[in-house]
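based on what follows, work out the 3D shape:
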Amino acid sequence: MIEALAQENKNIFSMNYAKRYRLLTTSTTQKAVNVLLNESVVEKHGNIYYFTDPFFKSFLLRLKA
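Residues are numbered from 1 along each chain as shown. Coordinates of the predicted model:
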């Protein structure tokens with residue numbers, strides 16, 4: 001989930017998003033996002049999620065490359 005958020009941070013509960021990033025059920029995604037929000041790893045503004053530390057996002061994207 002966290003790697004998916006690093007790549008794309010909009011409409012994360014859509015079916016297309018789940019298929020694209022091979023996520024499980026929407027409820028599992030919601031639980032994971034809630035943990036990230038509660039731990040202040042990400043912030044939500046409208047329907048978009050942002051990493052509170054842009055360097056952490058860059059780190060995640062480098063792991064994927």
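
quick one: low-confidence parts of this protein?
65 (pLDDT under 70).

number of nearby residues for Thr52?
Residues near Thr52, counting by other C-beta atoms under 10 Å, number 13. All C-beta spots, glycine's among them, are computed from the backbone N, C-alpha and C.

can you give me phi and psi for it?
phi -70, psi -30 (degrees, to the nearest 10).

kindly report the same for Glu39.
phi -90, psi 0.

leaving out the residues flanking it, which one is nearest to Leu23?
Leaving aside its sequence neighbours, Leu23 sits nearest to Thr29 (C-beta to C-beta, 6 or more residues apart in numbering; 5.3 Å).

what comes up buried for stretch 29-45?
Neighbour-count burial for stretch 29-45, counted by 16 or more other C-beta atoms under 10 Å, picks out 29, 32-33, 36, 41-42.

quick check, the residue nearest to Leu23 in contact with Tyr21.
No - applying C-beta atoms under 8 Å, one finds Thr29 not in contact with Tyr21, separated by 9.3 Å.

now the common contact residues for the two.
Met1 (C-beta atoms under 8 Å, 6 or more residues apart in numbering).

give me phi/psi at Val42?
phi -130, psi 160.

tell me what it is bridged to.
Phe51 (DSSP bridges).

residue contacts, Thr52?
40-43.

which pair in those spans the largest distance?
The span of these, defined through C-beta to C-beta, is set by Val41 and Glu43 at 8.8 Å.

and Tyr17, what does it touch?
Tyr17 neighbours (C-beta under 8 Å, 6+ apart): 4, 8, 11, 23.

most neighbours among the residues you listed, which one?
Busiest of the contacts of Tyr17 [other C-beta under 10 Å] is Ala4, holding 19 neighbours.

quick check: Lys44 vs Leu63, distance?
Counting by C-beta to C-beta, to the nearest Å, the separation of Lys44 from Leu63 is 23 Å.

check contacts around the residue nearest to Asp53 when sequence neighbours are not counted.
Computed as C-beta to C-beta, 6+ apart, the closest residue to Asp53 that is not its neighbour in sequence is Val41, at 7.8 Å. Neighbour list for Val41: 2, 51-53, 56 [criterion: C-beta under 8 Å, 6+ apart].
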